[in-house]
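>>> What shape does this take:
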Amino acid sequence: MSDQSIGAYKALCREIEVKKSIKAVAQDESGGLDKWATSDDEVWQSTVYYMSRPRSSDPEPGPSLLTEQLEAENQMLAKEVLLLRDQATNAQEEVDRKDRETEQLRQEIQKLTSTGDYFQSCLQRISQKVENASNLLESLNCELRCDISVILS
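Predicted coordinates for the structure are as follows:
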């Protein structure tokens, strides 16, 4: 365990003795937790990070300790970048999928509209033919009545 870790542990123990929560300790040390932390693990990582960073009252860390800290921070940032890249890729894939679904639905609506228009025009033509046939039957019926009247008279 490094001197930084031991110092952070001692500071944490002192604060716990006066009944401060880990979150309050981290807020006191850092001026506030990482505002993007969304889970307890992220809060804990943020707390550990802020507790282990050098403070003005701590002795200046040596070059190897500073290198280790920078490497650890670099690894953490690299992981965050990978996570954000994966999230962006997933979000873009979701947008693309939704765009394809929207286009398919638009095409289906267009087909259904065309089909509806076709059936409406068929219905109009058939209605016109039925009306013509009805008029023809009515005129034939009148002629037939006239013929029957002539025959009966």
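
>>> remind me, longest helix of the protein?
For the chain, the helix with the greatest residue count under DSSP state H is helix 63-152.

>>> lowest-confidence helix or strand of this protein?
helix 22-30 (a mean of 51; mean pLDDT, DSSP states H and E).

>>> What helices and strands are in contact with the longest helix of the chain?
Contacts defined by 3 or more C-beta pairs under 8 Å, 6 or more residues apart in numbering; DSSP states H and E place helix 63-152 against helix 3-17. Any C-beta I mention is one placed from the backbone N, CA and C, and that applies to glycine too.

>>> And the average pLDDT for the helix it packs on is what?
For helix 3-17, mean pLDDT is 65.

>>> swap in stretch 115-129?
97.

>>> what's in contact with that stretch?
Residues from elsewhere that reach stretch 115-129 (C-beta atoms under 8 Å, 6 or more residues apart in numbering): none.

>>> Convert that stretch to CSV, retaining C-alpha atoms only.
The C-alpha trace of stretch 115-129 is given here as CSV (Å, rounded to 0.1, in the frame of the first residue of the first chain):
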residue,chain,number,x,y,z
THR,A,115,-54.4,0.2,-52.5
GLY,A,116,-57.2,2.3,-50.8
ASP,A,117,-57.2,4.7,-53.8
TYR,A,118,-57.5,1.8,-56.2
PHE,A,119,-60.4,0.2,-54.4
GLN,A,120,-62.1,3.6,-54.1
SER,A,121,-61.9,4.1,-57.9
CYS,A,122,-63.2,0.5,-58.4
LEU,A,123,-66.1,1.2,-56.1
GLN,A,124,-66.9,4.4,-58.0
ARG,A,125,-66.9,2.6,-61.3
ILE,A,126,-69.0,-0.3,-60.0
SER,A,127,-71.5,2.2,-58.4
GLN,A,128,-71.8,4.0,-61.7
LYS,A,129,-72.5,0.7,-63.5
